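Novice: predicted model and sequence below, questions to follow.
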2 protein chains.
Amino acid sequence: MIIELVNTGSELMLGRVLNTHQQWLCRQLADLGYVVSRQVAVPDTGADIQLAVRESLSRADLVITTGGLGPTSDDLTRDLIAQMLGRELRENAEVLAHISQFFTVRQRRMPERTRVQALVPEGAVVLSNPNGTAPGLALEVGPDLFRPGKGSWLIMLPGPPRELRPMFKDAVVPLLRQFLPLDAPFVCRTLRATGLGESVVEERVSGPLDPLVARGLQIGYCARPGQVDVRLAAHNTNAEGIVAEAAAIVQKQLGKFLYSDGEEEIEATIVELLTARKLTLAVAESCTGGCIANRLTNVPGASAIFLAGLVTYSNAAKHKFLGVREQTLEANGAVSEAVAREMAEGACNQTGARYALSVTGIAGPGGGSEAKPVGTVFIGLAGPEKTIVERMFNPFDRETFKQVTAQQALDLLRRNLPPAQ
Amino acid sequence: MIIELVNTGSELMLGRVLNTHQQWLCRQLADLGYVVSRQVAVPDTGADIQLAVRESLSRADLVITTGGLGPTSDDLTRDLIAQMLGRELRENAEVLAHISQFFTVRQRRMPERTRVQALVPEGAVVLSNPNGTAPGLALEVGPDLFRPGKGSWLIMLPGPPRELRPMFKDAVVPLLRQFLPLDAPFVCRTLRATGLGESVVEERVSGPLDPLVARGLQIGYCARPGQVDVRLAAHNTNAEGIVAEAAAIVQKQLGKFLYSDGEEEIEATIVELLTARKLTLAVAESCTGGCIANRLTNVPGASAIFLAGLVTYSNAAKHKFLGVREQTLEANGAVSEAVAREMAEGACNQTGARYALSVTGIAGPGGGSEAKPVGTVFIGLAGPEKTIVERMFNPFDRETFKQVTAQQALDLLRRNLPPAQ
């Protein structure tokens, strides 16, 4: 099946916004077994949109467009495509009622120009939009119009991600299953590892997975700072069995380095593990500057386990809030095993948390020395039984340094938690 | 001038990585006066790359490709394009020496397969790559090969952003100036506002700018959570004067809501302002969970002004680390004007910082009430003269809530700083 994506928007061409639709839609589709073979972005001027959609319809079984369904003068997609396909636009009473209702609920007057969003091309399926006013539209383009002997499906989605994403899951996926079913079952699963580089992950799993590749397994590796995803997919009648066998092999080969059998971030894993064990956490950060606390508190429900984060950038703050001794700071320097240890233990003592993580290091660009170059970091974990300190070397740019170090700290905690009761 | 961008990479089509090249290159080019009219992403298989590049060369004066110049088996761009253009590949001694040197410096053996990166198509300009092994390549495609009577420039850039970005600035920009000069001067400037919505910004500036639009000014607005960019550009012999006049009008109309005359983040503005005034800052965060501290410490040199961040998620932590009185918490609840005030004042007192910001609110999804719905937040600023508390309402998803609230807090400080001596 050939699938193409057309993103419209002049702000894309000026580089004012990042095209997150491409990654999100390609990912959703790939995980369902539908691989996008081409993505195009064009400005929202008439000629460009029509040309791009026409070219895609001449090649693809499914064309998805994003953007240009709103009420303003540069929202041209609906009109241009109806015109190109020779379909009349008719006001749809149900859509109009939804739009009107949308404004009533928000106690706002419905601007006259939003009425244009109730126009639906003849024969189109309306994809309702509970999060906005512009519905999505899906229509079947008959054979021979753009490619000999074959037709296509054309699906138009609204631009705002909080409208597009639920609409894709709730309306587009069922439509794909009904009108564009896969020729064989597709199964896809991602396992997420941390603490190993991409090449090491590949080295450990690729040999043992070879026999399954011969039976149709597809393997993909994707590295991000401090993390490697292993994607296992198969597309045949034995897909489920093959992927399950492959996952078992990966689990065996990577063991404790795997932290998620889904796609969650490690901070979500930590909140889940601590919540299940009724344990609490405090964090003492120097060079990560609040990055660990920020990531933990991005997880809904973090307040159940997270008591406090102490971002002690200055030595005075390390002493005052964490009880790090002045002589420890003087004798070892702020970036040292001893200070990381006292920071973690101090965070436990001061907050009453069962566990505490600490980080002290040199994020750069300045501040390095020969003995402790930029990228040097000590990560501490204090718990009811003992305190552990690990020395790491993360010679990256400042933000990558913070992210990788935060990942390592959270993983240190994960690897040292007691089993659930 | 017609410019197209071709991004290659199967991982793009699977949605495993975000295509940041599109935004970055489109933005760089637009700010130089070169607007990209189409961007295409294709998998790194031979047929797709050749087809996409051939189509772009049939339309554009300049085609830029990204990716596929590395040493592995899926790095096909160099070969495929040389083949398509009928140019022989020849090993370039200078490039080979650079690659070999690259490994020597890192005390690593040079893998034999990296040698392929020294191959250069006949007649191509080599764009050196100080940050990696694969050079960029630029070549002029003669007239009539792909479009009647006209030729094109084709520039191939490596995929890794830390190689591509410096190469674009150091090698591609001079090449554009030399071989593809603009027909008239182009000037572009961005001013950044916070604290006003996009429509209010537009309402305030668009009328007064109208006379300049008639003289060739182009205006663009771009909204991000808590921030609006106003882009002013002109492309004619009076460009410099027109953009300067426009900037003066925007400055007059938006006044204190403008925080940057460049494109820096507000946390960088804060570090700069406090450093220049030799002032220090502490932060007490509840619902933003370390987001403010994290943003501040992303700025190199933040340690000169930032003493400590106290992420006091629990009431006990608010009491212990900030001295918020238990009766204040009981009488008003943690999300209140009174608690925000005591948090900010406590942060000043406990750290000795001249200023302190505090935030307490309800990020959601849970925890709201009728009087204080999800999105309610109190932001405090304590300073040597007085304490200010503002109540805001940010009913967004959790991460947007944190970003917008952090932006508002940093802006509260910016607006209340004394003038520099």
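Specialist: Noted; the coordinates are in hand. From a predicted model like this one, the values you see are computed outputs, not experimental measurements.

Novice: and the helix or strand where A:Leu29 lies, is it in reach of chain B?
Specialist: Using DSSP states H and E, the element containing A:Leu29 is helix A:20-31. Yes - judged by CB under 8 Å from any CB of the partner chain, helix A:20-31 and chain B are in contact via A:20, A:22-30. For glycine as for every other residue, the C-beta is placed from the backbone atoms N, C-alpha and C.

Novice: if I look at the nearest residue to A:Gly159 once chain neighbours are set aside, how far off is A:Arg78?
Specialist: Take A:Gly159 and drop its neighbours on the chain: the residue closest to it by CB to CB, 6 or more residues apart in numbering or on different chains is A:Gly67, 3.7 Å away. As judged by CB to CB, to the nearest Å, A:Gly67 and A:Arg78 stand 11 Å apart.

Novice: circling back: I'd say the residue nearest to A:Gly159 and A:Glu11 touch.
Specialist: No - here A:Gly67 lies out of contact with A:Glu11, judged by CB atoms under 8 Å, at a distance of 9.4 Å.

Novice: so between these two, which is more surrounded?
Specialist: More crowded of A:Gly67 and A:Glu11, by other CB atoms under 10 Å in any protein chain shown: A:Gly67, with 28 against 19.

Novice: quick one: the more buried one from B:Ala248, how far?
Specialist: The gap separating A:Gly67 from B:Ala248 is 34 Å, by CB to CB.

Novice: what's the answer for A:Leu76, then?
Specialist: 34 Å.

Novice: more crowded one of these two?
Specialist: Each of A:Leu76 and B:Ala248 has its neighbours counted (other CB under 10 Å); A:Leu76 has more, 21 against 10.

Novice: what about the residue nearest to A:Arg90 when sequence neighbours are not counted, neighbour count?
Specialist: Take A:Arg90 and drop its neighbours on the chain: the residue closest to it by CB to CB, 6+ apart is A:Val120, 6.1 Å away. By other CB under 10 Å, 22 other residues sit near A:Val120.

Novice: what's the strand or helix carrying A:Val120 in contact with?
Specialist: Secondary structure from DSSP H and E places A:Val120 in strand A:119-121. Residues from elsewhere that reach strand A:119-121 (CB atoms under 8 Å, 6 or more residues apart in numbering or on different chains): A:78, A:81-82, A:85, A:87-92, A:95, A:126, A:135, A:137, A:139.

Novice: residues of the stretch 101-250 of chain A that sit close to chain B?
Specialist: Residues of the stretch 101-250 of chain A lying near chain B by CB under 8 Å from any CB: A:162, A:220, A:222, A:229, A:231.

Novice: lowest pLDDT pick from the residues you listed?
Specialist: In terms of pLDDT, A:Cys222 ranks lowest among these, with 80.

Novice: look up which residues are beta-bridged to that residue.
Specialist: Note on A:Cys222: beta-bridge partners by DSSP bridges are A:Asp229.

Novice: in contact with it, which residues?
Specialist: Per CB under 8 Å, 6+ apart, neighbours of A:Cys222: A:228-229, A:231, B:11, B:16-17.

Novice: ditto for A:Gln403
Specialist: A:Gln403 neighbours (CB under 8 Å, 6+ apart): A:225-226, A:291.

Novice: let me know the secondary structure of it.
Specialist: helix (DSSP: H, G, I helix; E, B strand; the rest coil).

Novice: quick check: the gap between it and A:Asp397.
Specialist: In terms of CB to CB, A:Gln403 sits 10 Å off from A:Asp397.

Novice: each with direction, which strands does the strand holding A:Val120 pair with?
Specialist: As defined by DSSP bridges, the strand partners of strand A:119-121 come to strand A:89-91 (antiparallel).

Novice: ok, back up a step: quick check: buried residues in whichever helix or strand comes after the helix holding A:Leu29?
Specialist: Next in sequence after helix A:20-31, counting helices and strands by DSSP H and E, comes strand A:36-42. If you call a residue buried by 16 or more other CB atoms under 10 Å in any protein chain shown, then strand A:36-42 has these buried ones: A:36-42.

Novice: ditto for stretch A:384-396
Specialist: Neighbour-count burial for stretch A:384-396 [16+ other CB under 10 Å]: A:387-389, A:392, A:394, A:396.

Novice: one more: stretch A:183-194?
Specialist: For stretch A:183-194, using 16+ other CB under 10 Å, the buried residues are A:186-194.

Novice: repeat that for stretch A:112-127.
Specialist: Going by 16+ other CB under 10 Å, stretch A:112-127 has these buried residues: A:114-121, A:124-127.

Novice: quick check: angle from the helix or strand bottoming out on mean pLDDT in chain A to helix A:20-31?
Specialist: The weakest-scoring helix or strand in chain A, judged by mean pLDDT, DSSP states H and E, is strand A:218-224 (a mean of 84). Here the directions of strand A:218-224 and helix A:20-31 differ by 150 degrees (axes from the mean of the first three to the mean of the last three CA atoms, to 10 degrees).
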